[in-house]
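A.B. asks: Sequence and predicted model, in that order:
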Amino acid sequence: MAEIAIEVAFALPEKQRIISLRVPLGTTAREAVALADLPSHFPELPADTFSDPNLGLFGKRLREPGAHRLRAGDRVEVYRGLIIDPKAARLARAGTRR
């Protein structure tokens, strides 16, 4: 069976990991994240953090990561949820400048 080389990336403010993998041709982005075993690299996070996150390729969000078949050289990025709404953060910054 043919394999391709890909990477799976996840980052916290203080810790980042890029995991290089060889996966079967036809592997989806969601399957690649499962194969990367991110919970073992980030034991400080709840395991369900990686069960259904938003995913992207090179900074572009995937609409259907469970259906997107990877190509050689792809880097799957696992996105974290926002801590604060960007609009609320801008309002807070604007309020402190006055």
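C.D. replies: Structure received.
A.B. asks: so the spatially most central residue of the chain is in which element?
C.D. replies: Centroid-nearest residue in the chain: residue 78, 0.5 Å away (criterion: CA atoms, centre = their mean). Using DSSP states H and E, residue 78 maps to strand 75-79.
A.B. asks: packing partners for that strand?
C.D. replies: Packing partners of strand 75-79 (3 or more CB pairs under 8 Å, 6 or more residues apart in numbering; DSSP states H and E): strand 3-12, helix 29-36, strand 54-57. Backbone N, C-alpha and C define where each C-beta goes, glycine included.
A.B. asks: Which helix runs longest in the protein?
C.D. replies: Counting residues, the longest helix found in the chain (DSSP state H) is helix 86-97.
A.B. asks: could I get it in PDB with only the CA atoms?
C.D. replies: Below are the C-alpha coordinates for helix 86-97, written out as PDB (Å, rounded to 0.1, in the frame of the first residue of the first chain):
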ATOM      1  CA  PRO A  86     -12.400  38.900  19.200                       C
ATOM      2  CA  LYS A  87     -15.000  41.700  19.200                       C
ATOM      3  CA  ALA A  88     -15.100  41.700  23.000                       C
ATOM      4  CA  ALA A  89     -11.300  41.900  23.200                       C
ATOM      5  CA  ARG A  90     -11.300  44.900  20.800                       C
ATOM      6  CA  LEU A  91     -13.900  46.700  22.900                       C
ATOM      7  CA  ALA A  92     -11.900  46.000  26.100                       C
ATOM      8  CA  ARG A  93      -8.700  47.400  24.500                       C
ATOM      9  CA  ALA A  94     -10.500  50.400  23.200                       C
ATOM     10  CA  GLY A  95     -12.000  51.100  26.600                       C
ATOM     11  CA  THR A  96      -8.700  51.000  28.400                       C
ATOM     12  CA  ARG A  97      -7.100  53.500  25.900                       C
END
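A.B. asks: Same list, the helices and strands packed on strand 75-79, but as CSV with mean neighbour count and mean pLDDT please.
C.D. replies: Formatted as CSV, the helices and strands packed on strand 75-79 follow (neighbours: other CB atoms under 10 Å; pLDDT from 0 to 100):
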stretch, mean neighbour count, mean pLDDT
strand 3-12, 17, 96
helix 29-36, 20, 96
strand 54-57, 17, 95
